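[1] Here is my input, please return the structure:
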Amino acid sequence: MRIKIIAVNALIVALVGLLSFLLVQAALSSAAGNKDQLTQEAQNSVNGAAGRLQLDGLRAERWLAAAANEQATLDALNKASATARGEAATRRCEDLFSKMKNAPLFERNVPTLVALVDSSGKIVGRNGTNMNRGDDMAAIYAGLKSTLRTGQSGSDIWYEKDRYLASYVAVHDSSGAIIGALVAGRPLNDSLSRVSEAAPGRALDLIVPKGDGFDVVGHSGAESKELDAAIAGGAKEMLKGALAHQQTDNFREGDLLVAAAPLPSFEDGKRALLVAAAPASLIANASGLALLPIFGAVLVGLILVVVGGWLLGAYITRPINMLEEGLLAILNGQADKRFELDHAELGGLAFRIDQLLNQLMGVEEDTTDDEGRVSTAPSAAHFNDALAVDDKRLTQSAGEMTMDPDAIRRLGAEPGPQYYSRIYREYVAAKRAIGEPTDHISEQAFATRIQGMEQDAATKYGRPVRYQVQARNKEVVLLAVPLP
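    Presented below is the predicted three-dimensional model:
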């Protein structure tokens, strides 16, 4: 019994758990793997990061433009000798570097390169060292060369020698002629790390064309092997198309969604792409996420089923075993064996078995309570028994009955329906007066029983009989009155 209860309920819990897992998994997969939504978010993120990178360059240009117009910058480039110009330019760059460290614009991304170059593009002086004086930067970086020629400020990704997000502005003398340029370069990886805030949770790579593929020149953080593999693998054709058409595009490879945004440069035709990688699903393991809590709930449910099934089985099997053992004892000759079972569900069955045994064996059933009172359920049969007792008392006391002859004649002349209804009311009122229950006594049953008693009494007395209700010593009796 216990095993069957536990098995059925455990199967139900397991099926409900499996169904819950499948439904939750489907819902999570649908919500977390919405391709259109993920693609749009990836493109928006990489566009936001690219725009933030270009904005940082423009803001640095404005800051440098104000510094380039200061007299100290002009004085450093107008010194008479090369040595004097070099020393003055170095001091000026150190001063500007100190200011940049405290400027909110360069927070968490302070330039490590601050340099003054002459009109030919050679370094006059830079911060932190004297080693690079005379290096021709314009020969390496075409954007700086263009600024020295046109006077137009600019920003660019420098990766040919050192890797910077560089910004540069022309320095003009009092006549408006270009006498040099002021250059600031921030480490490229630091700049990418800062703009990655526009693409939260996504790795950023800065790539440039190289041969038939691409070269990764900057990372927003730790190198992403998955993203680098995608750039060199399946996403390469998409990246070429995005670079050629100068438009944002995306590609899905395995568990990654790769999005690329172009970064336009100067007239030398150099181009770069900012690439972001995002998971192809908002939830990496939807099945695992759904499995753990549901599995835990099913496990708890199974434990409760085992405990509940064991207790319920014990509650049912204990009385069944008692009945089985008792019946076996009766079969083995213990004829007086009876069941005294106090059980909400099986107690009634045990009582009926006892009744059946008594009838089969001709044993009179003891229906009295602990105080010797008859204990039977209120019913019409009980009511008839009560009348039979009253009738017995009547037989014993009828000889003592005296009644006025006129009252006897009136009793006999009373119409039948009115007579039966009256003595019913009197009988019930008398019973209630002594505190006995009367809810089980119906008027129809009362009248039927009285009629039967009248027939029996008429046979005894040889003439018609009617009854009168009388209360004696806290008892209600029905007394037969022979009619003339």
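[2] I figured K337 was touching E325, is that so?
    No: contact criterion CB atoms under 8 Å: K337 and E325 do not qualify, at 9.5 Å. Using the backbone N, CA and C atoms, a C-beta is placed for each residue, glycine as well.
[3] quick one, which of those two is more surrounded?
    K337 (16 against 11; other CB atoms under 10 Å).
[4] Please report the distance of that one from L312.
    K337 sits 28 Å away from L312 when distances are taken as CB to CB, to the nearest Å.
[5] Then L360?
    For L360 relative to L312 (CB to CB), the value is 33 Å.
[6] Between those two, which has more neighbouring residues?
    L312 (15 against 10).
[7] Need the three-state assignment for that one.
    helix (DSSP: H, G, I helix; E, B strand; the rest coil).
[8] On the pLDDT front, check it for me.
    Per-residue pLDDT puts L312 at 81.
[9] Run through the stretch 351-484 of the chain and note the low-pLDDT ranges.
    361-403 (pLDDT under 70).
[10] Please apply the same query to the chain.
    Judged by pLDDT under 70, the stretches of the chain that qualify are 1-2, 25, 27-38, 198-202, 222-224, 253-255, 264-270, 278-291, 361-403.
[11] now with 50?
    266-267, 367-382, 389-400 (pLDDT under 50).
[12] hey, where'd the helices end up in this structure?
    Secondary structure of the chain (DSSP state H): helices located at 2-32, 35-68, 71-77, 82-102, 142-150, 188-195, 225-232, 236-245, 286-331, 347-361, 380-397, 405-413, 416-433, 443-461.
[13] Looking at the ones you listed, spot the one closest to L113.
    L113 sits nearest to helix 82-102 of all the helices of the chain, at 9.0 Å, using CB to CB.
[14] can you count the residues close to A181?
    28.
[15] Could you double-check that it lies in contact with A166?
    No: A181 is beyond contact range of A166, at 10.8 Å (criterion: CB under 8 Å).
[16] between the two, what contacts are shared?
    L144 (CB atoms under 8 Å, 6 or more residues apart in numbering).
[17] Quick check, A276 in contact with V46.
    Yes: contact criterion CB under 8 Å: A276 and V46 qualify, at 4.1 Å.
[18] burial measure for T112, as a count.
    16.
[19] Look up how far R163 lies from the residue nearest to it when sequence neighbours are not counted.
    Leaving aside its chain neighbours, T112 sits nearest to P187 (5.9 Å; criterion: CB to CB, 6 or more residues apart in numbering). As for P187, its distance to R163 is 7 Å (criterion: CB to CB).
[20] Same check on L349?
    91 Å.
[21] ditto for A277
    From A277 to R163 the distance is 20 Å (CB to CB).
[22] just L96 next, same as before
    21 Å.
[23] Same check on M322?
    In terms of CB to CB, M322 sits 89 Å off from R163.
[24] same question, L274
    Counting by CB to CB, the gap from L274 to R163 is 14 Å.
[25] Looking at the two, which is more packed in?
    L274 (28 against 17).
[26] neighbours of the closest residue to the more buried one other than its chain neighbours, just the number please.
    By the measure of CB to CB, 6+ apart, the closest residue to L274 outside its immediate chain neighbours is A50, 4.6 Å from it. Neighbour count for A50, taken as other CB under 10 Å: 26.
[27] list the contacts for A50?
    Per CB under 8 Å, 6+ apart, neighbours of A50: 195, 261-263, 274.
[28] A84 versus that one, what's the distance?
    43 Å.
[29] Test my guess that V481 contacts R410.
    No: the pair V481 / R410 is not scored as a contact, 10.9 Å apart, by CB under 8 Å.
[30] My guess is L263 contacts A272. True?
    Yes: the pair L263 / A272 is scored as a contact, 4.4 Å apart, by CB under 8 Å.
[31] intersection of neighbour lists for those two?
    157, 206.
[32] Which residue, other than its chain neighbours, is closest to I178?
    Nearest non-adjacent residue to I178 (CB to CB, 6+ apart): A170, at 4.9 Å.
[33] What's the local residue count around that neighbour?
    With other CB under 10 Å as criterion, A170 counts 23.
[34] How about the contacts made by it?
    A170 touches 68, 147-148, 151-153, 178, 180-181, counting by CB under 8 Å, 6+ apart.
[35] quick one: contacts for the closest residue to A329 other than its chain neighbours?
    In space, and not counting its chain neighbours, A329 is closest to K337: 4.9 Å by CB to CB, 6+ apart. By CB under 8 Å, 6+ apart, K337 lies in contact with 326, 329-330.
[36] do A433 as well
    A471.
[37] sorry, back to before: only the buried members of the contacts of A170: can you turn that into a ChimeraX selection?
    Buried residues within the contacts of A170, by 16 or more other CB atoms under 10 Å, are selected in ChimeraX with:
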select :68,147,148,153,178,180,181
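[38] Need the max-distance pair from the contacts of A170.
    Between any two of the contacts of A170, the greatest separation by CB to CB is 14.8 Å, found for Q152 and G180.
[39] which ones are touching the closest residue to D118 other than its chain neighbours?
    Using CB to CB, 6+ apart and skipping the chain neighbours, the partner closest in space to D118 is G180 (4.8 Å). Shown in contact with G180 (CB under 8 Å, 6+ apart): 77, 116-119, 124, 148, 170-171.
[40] Just the buried ones from the residues you listed?
    Judged by 16+ other CB under 10 Å, buried ones among these: 77, 116-119, 124, 148, 170-171.
[41] Quick check: buried residues in stretch 447-462?
    So stretch 447-462, judged by 16+ other CB under 10 Å, has buried residues 447, 449-450, 453, 457-458.
[42] Now distance to N130 too, for those residues, in CSV please.
    Output for the buried residues of stretch 447-462, formatted as CSV (distance: CB to CB, whole Å):
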residue, distance to N130
A447, 134
R449, 134
I450, 137
M453, 140
A457, 146
A458, 149
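[43] Just the closest of those to V300, please.
    For those, the nearest to V300 is R449 (62.8 Å; CB to CB).
[44] State the distance from that closest one to T438.
    Taking CB to CB, one finds R449 at 14 Å from T438.
[45] Also L349?
    32 Å.
[46] Could you do S20 as well?
    58 Å.
[47] Repeat that for Q451.
    Q451 is 20 Å from T438, by CB to CB.
[48] domain assignment for the protein?
    Following automatic domain parsing, one gets these domains for the chain: 35-279, 380-482.
[49] Return the most buried member of the ones you listed.
    Stretch with highest mean neighbour count among those: domain 35-279 (a mean of 18; mean count of other CB atoms under 10 Å).
[50] Nice, that's everything, thank you.
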